[in-house]
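Peer 1: Got a predicted structure plus its sequence, pasted below:
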Amino acid sequence: MGFLKSLILLASILLSSQALADKSEIKITYNPDNTKEVLYSKGTGVFSNIEFGIREVGILIGISLGLFNIGWNVYSKRRDAKKSIKDDFWFRTVLFPPLNEKIVALHKQWKNADFTKLNSSSSKKSQKKLEKFVSDLNELRDMTSFLSTISQNLPSRMNTLIDELEESVLDDASLAFDNFNRKFYNILFEEHDTLL
């Protein structure tokens, strides 16, 4: 794109320098009596003897493309600034870090737990562990509720995913957490892409 811009700029400079030069004209005619008649007319600049030809069309195209290029650059910079605010501030500073910390903590704490034993045991220790797991999932649900500022259906999608995790940990906790993490981040990145 840079080469094209440079080529257009060079062409518009060359064409405009020729168009802005004084238009002078010398006309020599021979009369039947073998005498020469020399007419010299000097224009007064760009607006004298206006002729609209290929050169002028080229100049207009060059100027138009130059103005379009300036406008496009201004628009692109403003759009990128807005994207940066949404991306850097909201996703990377406000939304993503607390969610990421909570998911990593859940993953570390519960990935290797044997939920089948915990669920079948009637001991107080097992019941407390299950209550702690449910409490951790509810904290994650609460954290996802503020995602409604991004998209109205995002918290419900996340809650459905958390419900799936809660049901699937009884079979294989490690696989359940791996699937949950993959789906959770896919949904977040999908929403991130649609916002930008």
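Peer 2: Right, received. Where do you want to start? Numbers count the residues shown, from 1 in each chain.

Peer 1: CA atoms for contacts and neighbours, from now on please.
Peer 2: Fine.

Peer 1: State the pLDDT value of the residue sitting furthest away from the middle of the chain.
Peer 2: Here the chain has its C-alpha centre computed as a mean, and the residue farthest from that point, by CA atoms, centre = their mean, is Asp33 with 78.0 Å. Per-residue confidence at Asp33 stands at 70 (pLDDT).

Peer 1: what helix or strand is it on?
Peer 2: With elements taken from DSSP states H and E, nothing contains Asp33; it lies in neither a helix nor a strand.

Peer 1: Going along the chain, name the helices of the chain.
Peer 2: 2-20, 54-84, 96-110, 115-120, 124-145, 154-168, 173-195 (DSSP state H).

Peer 1: Just the buried residues of the second one, please?
Peer 2: Taking 16 or more other CA atoms under 10 Å as the basis for neighbour counts, the residues of helix 54-84 that come out buried are 55-56, 58-59, 62-63, 65-66.

Peer 1: Okay, domains of this protein per the record?
Peer 2: With domains defined by automatic domain parsing, the chain comprises 2-78, 81-195.

Peer 1: What mean pLDDT does the last one get?
Peer 2: Translated: domain 81-195. Mean per-residue pLDDT for domain 81-195: 82.
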